[in-house]
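Asks: pasting the sequence and the predicted coordinates here, then a few questions.
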Number of protein chains: 2
Amino acid sequence: MSKNSPIGIFDSGLGGLTVAKQIVKLLPREDIIYLGDTARVPYGPRSPEIIKRFSEENTQFLISKKVKCIVIACNTSSAVASDYLKRKFRKTPIFEVINPAAKEATGMGNKIGVIGTRATIASHAYEKDINKYSKSAKVISLACPLFVPFIEEGEIKSDGLKEVAREYLTKLKIKKIDTLVMGCTHYPIIGKLIAREVDNHVRIVDPGKSVAKEVFDFLSKNKMLNEQKTSGKKNFFVTDLTERFTKVAEMFLGQKIKGKILEVNL
Amino acid sequence: MSKNSPIGIFDSGLGGLTVAKQIVKLLPREDIIYLGDTARVPYGPRSPEIIKRFSEENTQFLISKKVKCIVIACNTSSAVASDYLKRKFRKTPIFEVINPAAKEATGMGNKIGVIGTRATIASHAYEKDINKYSKSAKVISLACPLFVPFIEEGEIKSDGLKEVAREYLTKLKIKKIDTLVMGCTHYPIIGKLIAREVDNHVRIVDPGKSVAKEVFDFLSKNKMLNEQKTSGKKNFFVTDLTERFTKVAEMFLGQKIKGKILEVNL
């Protein structure tokens, strides 16, 4: 691999495209290979063992594509499998979303709410990383497992979602948090609704933005930035290609997907 | 295999336990082997190709356990993969939930609503089977993809679910259906809420009950009923065993699970 090799990004499904979007914004000349494990999405309700196994298969696929580094876009994989993957694949730099988001959150506030999937919250990964950077920060974590299905369905303005958001987020609002980490790649899609329900003055951390900065710093420092003159090529792979795929994917990515999306069998 | 061999039941996850419950009720002396593909649940939003592949792996597992017949409890698998599986595994009698439910519905009414997952509704399997039994029956189908996540989360009394149910089912109510097929194994869990939203006079078909009768008839007719004096043994296999498993599984099955639940790698 060289500086002109692509950046590999994987996610349990499409949510990671919100992370890809931030990386493309900050690093427009980089080639990107994105893998969404849409045949087995969601990872959030599954056991740590199976999340590790699926994440390892995703990593192996990206390594076979000769990427120069890997970004685990999925918070659940980051929380549960990133240490395991870093130990297993020592030759490839692996980034995950939790550490950079935790670091950013501690620079913003001291009473930090974290929302995510069941597996992410149960792992306590955010608490651990936040307390690495700030001993005094108080962390209040909350699993919001129903946000993902609503967003995957494109039901982002429905009354049902508003009701669910109110039921979940009131629990954080009454604790008077000053900062909130959106600890799942899907949540930026409903960022405004979330902000409204926890109070508009709460500072919001989007881990996609945090990790994009970290990748940028790493590539700059190690002289691994792609110096091509044109904007980078984006290649999308999924493990299950459904009819609705492109529509939902473009909502996440925030732009049209050019070219063919390829299906792979992991 | 002999008359004392177990009945195999598979499902994308836990929902099929509502079908297992009906089979156990009607055939208490039968041994049961249940396989829930919890590592890859839900099947509803996935493509027909991947649903066929997963269903084939489930079938192969049950055949390796020497079952005397197989019940596809999952409506999505039944709709998309049952013809494929019957062609592929000719030696084992395979039952699916759609045909018996369609037959039952045509005996009950003439303006039949069908609710199910995206894949089930997109397959038009219920329409096709209903029109086999009644040329005059009018079928109104509706995908209700958010019911499954609410039920899997155990959020069956939440205001969010009530809001979602109202949004979906008003579409059937205004069409004045006289019969409703609950075309997903999860739905009997919220049967009362569904009945209320479509009007209490609408007759409800539970495909789990329909297929249980069909299996009973088949085994009786072919002298394949298990004649042991005690109630049958139940063995549960899953592809991912999470901490919450037993709690949710018992809600679906309607009774305590005795013995160990085994994890298998498909």
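Replies: Structure's in. What do you need?
Asks: contact partners for residue A:178?
Replies: Residue A:178 makes contacts with A:108, A:109, A:110, A:111, A:112, A:202, A:203, as judged by CB atoms under 8 Å, 6 or more residues apart in numbering or on different chains. Where C-beta positions appear, they are placed from N, C-alpha and C, glycine not excepted.
Asks: now do 10 Å
Replies: Taking CB atoms under 10 Å, 6 or more residues apart in numbering or on different chains, we find residue A:178 in contact with A:105, A:108, A:109, A:110, A:111, A:112, A:113, A:138, A:199, A:201, A:202, A:203.
Asks: which residue ranges of the stretch 51-200 of chain A form helices?
Replies: A:75-88, A:98-106, A:118-123, A:125-133, A:147-152, A:159-173, A:191-198 (DSSP state H, counting those that start in this stretch).
Asks: turn the ones you listed into JSON lines, including mean pLDDT and mean neighbour count.
Replies: Putting the helices of the stretch 51-200 of chain A into JSON lines (pLDDT from 0 to 100; neighbours: other CB atoms under 10 Å in any protein chain shown) gives the following:
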{"stretch": "helix A:75-88", "mean pLDDT": "98", "mean neighbour count": "24"}
{"stretch": "helix A:98-106", "mean pLDDT": "98", "mean neighbour count": "24"}
{"stretch": "helix A:118-123", "mean pLDDT": "95", "mean neighbour count": "24"}
{"stretch": "helix A:125-133", "mean pLDDT": "97", "mean neighbour count": "19"}
{"stretch": "helix A:147-152", "mean pLDDT": "92", "mean neighbour count": "25"}
{"stretch": "helix A:159-173", "mean pLDDT": "96", "mean neighbour count": "19"}
{"stretch": "helix A:191-198", "mean pLDDT": "96", "mean neighbour count": "17"}
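Asks: a markdown table please, covering these and showing distance to chain B.
Replies: Listed next are these as a markdown table, based on distance: least, CB to the nearest CB, whole Å:
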| stretch | distance to chain B |
| --- | --- |
| helix A:75-88 | 12 |
| helix A:98-106 | 21 |
| helix A:118-123 | 8 |
| helix A:125-133 | 17 |
| helix A:147-152 | 4 |
| helix A:159-173 | 4 |
| helix A:191-198 | 13 |
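Asks: what's the burial count for residue A:174?
Replies: If you count neighbours by other CB atoms under 10 Å in any protein chain shown, residue A:174 ends up with 8.
Asks: rewinding a little: between the helices of the stretch 51-200 of chain A, which one is closest to residue B:155.
Replies: Evaluated with CB to CB, the helices of the stretch 51-200 of chain A place helix A:159-173 nearest to residue B:155, the distance being 8.3 Å.
Asks: elements contacting that closest one?
Replies: strand A:111-116, strand A:138-143, helix A:147-152, helix A:191-198, helix B:159-173 (3 or more CB pairs under 10 Å, 6 or more residues apart in numbering or on different chains; DSSP states H and E).
Asks: same list, the helices of the stretch 51-200 of chain A, but as JSON lines with distance to residue A:222 please.
Replies: Shown next, in JSON lines, are these (distance: least, CB to CB, whole Å):
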{"stretch": "helix A:75-88", "distance to residue A:222": "17"}
{"stretch": "helix A:98-106", "distance to residue A:222": "17"}
{"stretch": "helix A:118-123", "distance to residue A:222": "29"}
{"stretch": "helix A:125-133", "distance to residue A:222": "23"}
{"stretch": "helix A:147-152", "distance to residue A:222": "35"}
{"stretch": "helix A:159-173", "distance to residue A:222": "38"}
{"stretch": "helix A:191-198", "distance to residue A:222": "32"}
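Asks: among these, which is nearest residue A:249?
Replies: helix A:147-152 (11.0 Å).
Asks: ok, residue A:246 to residue A:255 distance?
Replies: Plainly put, residue A:246 is 12 Å away from residue A:255 if you go by CB to CB, to the nearest Å.
Asks: my error: substitute residue A:127 in the last question.
Replies: Residue A:127 is 35 Å from residue A:255, by CB to CB.
Asks: ok, the closest residue to residue A:150 other than its chain neighbours - contacts?
Replies: Nearest residue to residue A:150 in three dimensions, chain neighbours excluded: residue A:161, at 4.5 Å (CB to CB, 6 or more residues apart in numbering or on different chains). Counting by CB under 10 Å, 6+ apart, residue A:161 makes contact with A:146-147, A:149-151, A:153, A:155, A:190, A:193, B:146, B:160, B:163-164.
Asks: so can I have a markdown table of these showing distance to residue B:21?
Replies: Below are these laid out as a markdown table (distance: CB to CB, whole Å):
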| residue | distance to residue B:21 |
| --- | --- |
| A:146 | 25 |
| A:147 | 31 |
| A:149 | 25 |
| A:150 | 29 |
| A:151 | 32 |
| A:153 | 28 |
| A:155 | 30 |
| A:190 | 36 |
| A:193 | 38 |
| B:146 | 24 |
| B:160 | 26 |
| B:163 | 28 |
| B:164 | 25 |
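Asks: wait, which of these is closest to residue B:24?
Replies: Of the contacts of residue A:161, the one sitting nearest to residue B:24 (CB to CB) turns out to be residue B:146, at 29.0 Å.
Asks: can you list the residues of the stretch 151-266 of chain A near chain B?
Replies: A:152-153, A:155, A:158-168, A:238-245, A:248, A:263, A:265 (CB under 10 Å from any CB of the partner chain).
Asks: the same query, at a cut-off of 6 Å, please.
Replies: A:153, A:159, A:160, A:163, A:164, A:240, A:242 (CB under 6 Å from any CB of the partner chain).
Asks: pLDDT below threshold where in chain A?
Replies: Residues of chain A meeting the criterion pLDDT under 70: none.
Asks: quick one, domains of it?
Replies: A:7-96+A:209-263, A:99-207 (automatic domain parsing).
Asks: what about burial for the contacts of residue A:178, which qualify?
Replies: A:105, A:109, A:111, A:112, A:113, A:138, A:202, A:203 (16 or more other CB atoms under 10 Å in any protein chain shown).
Asks: need those in a markdown table with distance to residue A:4, can you?
Replies: Listed next are the buried ones among the contacts of residue A:178 as a markdown table, based on distance: CB to CB, whole Å:
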| residue | distance to residue A:4 |
| --- | --- |
| A:105 | 34 |
| A:109 | 40 |
| A:111 | 44 |
| A:112 | 39 |
| A:113 | 41 |
| A:138 | 45 |
| A:202 | 41 |
| A:203 | 37 |
